[in-house]
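In: Starting from these lines, generate the structure:
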Amino acid sequence: MKVKIGCCGFPVGRDKYYSNFGVVEIQKTFYQPPSLNTVERWRKEAPEDFEFTLKAWQLITHPSSSPTYRRLRKKIPDGLKENYGFFKPTREVFSAWEKTRKIALSLRARMIVFQCPASFKANKTNIQNLRCFFECIISDEQFVFVWEPRGKWENGIVKSICEEFNLVHGVDPFKQRPLSTHQINYFRLHGKEGYRYRYTDQDLNYLKDCCQKSPLTYVMFNNVFMYEDAGRFKSLMQI
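Out: Sure thing, here's the model as predicted:
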């Protein structure tokens with residue numbers, strides 16, 4: 001059993017973070033991808049064995065009506081707004097994937113997270129688009145793809161898609177157990193009662209038990225107290 005513990009984004013200065021953790025999930029790639037020069041600088045300044053994971057650009061997963069687009073610097077023409085998000089087989093979505101891919105290569109990142117909005121329903125069109133998207137990119141064997149559906153999806157459908165494309169089912173273990181049979185678990189902890197939640201010692205002991213069910217587990221905290229909670233969990237795991 002191996003557990004990698006980190007935060008979703010840098011909650012403190014990067015030098016301080018690097019000295020305490022061995023992995024981080026980059027969030028800027030979801031909202032507005034930084035330049036390749038910037039990510040190359042991050043890679044060079046980090047320890048050689050430090051690991052970056054990242055969230056795929058929202059243009060792939062979220063429709064242009066999503067409030068997260070407010071942090072997007074590019075203006076999307078009205079006539080093209082329907083071409084974005086929900087894994088649609090459009091030039092815009094696949095261009096966003098290429099941008100995500102280039103950043104991942106620059107960071108030497110292996111894990112790429114596709115987080116879906118709750119509005120991404122398990123209907124025929126969405127499932128078809130999701131399958132088409134992963135069929136097109138799954139040959140990129142240097143990456144492991146994490147899919148985090150957040151709408152109401154039947155367990156059987158999620159499990160089937162994950163197994164078909166060898167996806168890791170990204171979950172918050174306090175809300176759902178992972179359904180994929182992948183050898184990797186990827187946990188994203190959003191706070192049991194919301195983003196401002198501070199995890200208790202009892203919570204962290206439960207999380208420790210969850211980590212014993214896979215050969216490799218990523219535990220990525222994404223709450224207000226992420227830095228402190230991740231540090232406490234790291235001490236508990238004696239890492």
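In: Let me see the ranges of the strands in the protein.
Out: Ranges of strands in the chain, per DSSP state E, are 2-8, 23-26, 51-55, 111-115, 144-148, 168-169, 184-189, 216-221.
In: Please, where are all the helices along this structure?
Out: 14-20, 28-31, 36-45, 58-61, 91-107, 124-137, 155-165, 201-210, 226-237 (DSSP state H).
In: helices or strands next to the last one in the packing?
Out: Think helix 226-237. Here helix 226-237 touches strand 2-8, helix 14-20, helix 201-210, strand 216-221, going by 3 or more CB pairs under 8 Å, 6 or more residues apart in numbering; DSSP states H and E. For every residue, glycine as well, the C-beta is placed using N, CA and C.
In: so what secondary structure elements neighbour the second one?
Out: Spelled out, it's helix 14-20. For helix 14-20, the packing partners by 3+ CB pairs under 8 Å, 6+ apart come out as helix 36-45, helix 226-237.
In: Could you pull out the buried residues of stretch 219-232?
Out: 219, 220, 221, 222, 223, 225, 226, 227, 229, 230, 231, 232 (16 or more other CB atoms under 10 Å).
In: Could you pull up phi and psi at the fourth one?
Out: With angles defined as degrees, to the nearest 10, residue 222 shows backbone torsions of phi -140, psi 50.
In: for it, what are its contacts?
Out: Applying CB atoms under 8 Å, 6 or more residues apart in numbering, we find residue 222 in contact with 7, 8, 9, 25, 188, 189, 190, 191, 195.
In: now the residues you listed as JSON lines including neighbour count and distance to residue 123?
Out: Formatted as JSON lines, the contacts of residue 222 follow (neighbours: other CB atoms under 10 Å; distance: CB to CB, whole Å):
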{"residue": "7", "neighbour count": "25", "distance to residue 123": "34"}
{"residue": "8", "neighbour count": "23", "distance to residue 123": "28"}
{"residue": "9", "neighbour count": "18", "distance to residue 123": "32"}
{"residue": "25", "neighbour count": "26", "distance to residue 123": "29"}
{"residue": "188", "neighbour count": "20", "distance to residue 123": "24"}
{"residue": "189", "neighbour count": "25", "distance to residue 123": "29"}
{"residue": "190", "neighbour count": "18", "distance to residue 123": "25"}
{"residue": "191", "neighbour count": "19", "distance to residue 123": "29"}
{"residue": "195", "neighbour count": "11", "distance to residue 123": "29"}
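In: OK, contacts around residue 120?
Out: 61, 86, 126, 149, 150, 151 are the contacts of residue 120 under CB under 8 Å, 6+ apart.
In: still on that earlier bit, sort out which one of the contacts of residue 222 lies nearest residue 166 for me.
Out: Nearest to residue 166 among the contacts of residue 222, counting by CB to CB, is residue 188 at 19.2 Å.
In: and the closest one, what are its bridge partners?
Out: Note on residue 188: beta-bridge partners by DSSP bridges are residue 220.
In: Just confirm it contacts residue 9, I think it does.
Out: No: using CB atoms under 8 Å, residue 188 is not in contact with residue 9; the gap is 11.7 Å.
In: hmm, back to that, just the buried residues of the contacts of residue 120.
Out: For the contacts of residue 120, buried by 16+ other CB under 10 Å: 61, 86, 126, 149, 150.
In: Grab the nearest non-local neighbour of residue 95.
Out: Among residues not flanking residue 95 along the chain, residue 59 sits closest, at 8.0 Å (CB to CB, 6 or more residues apart in numbering).
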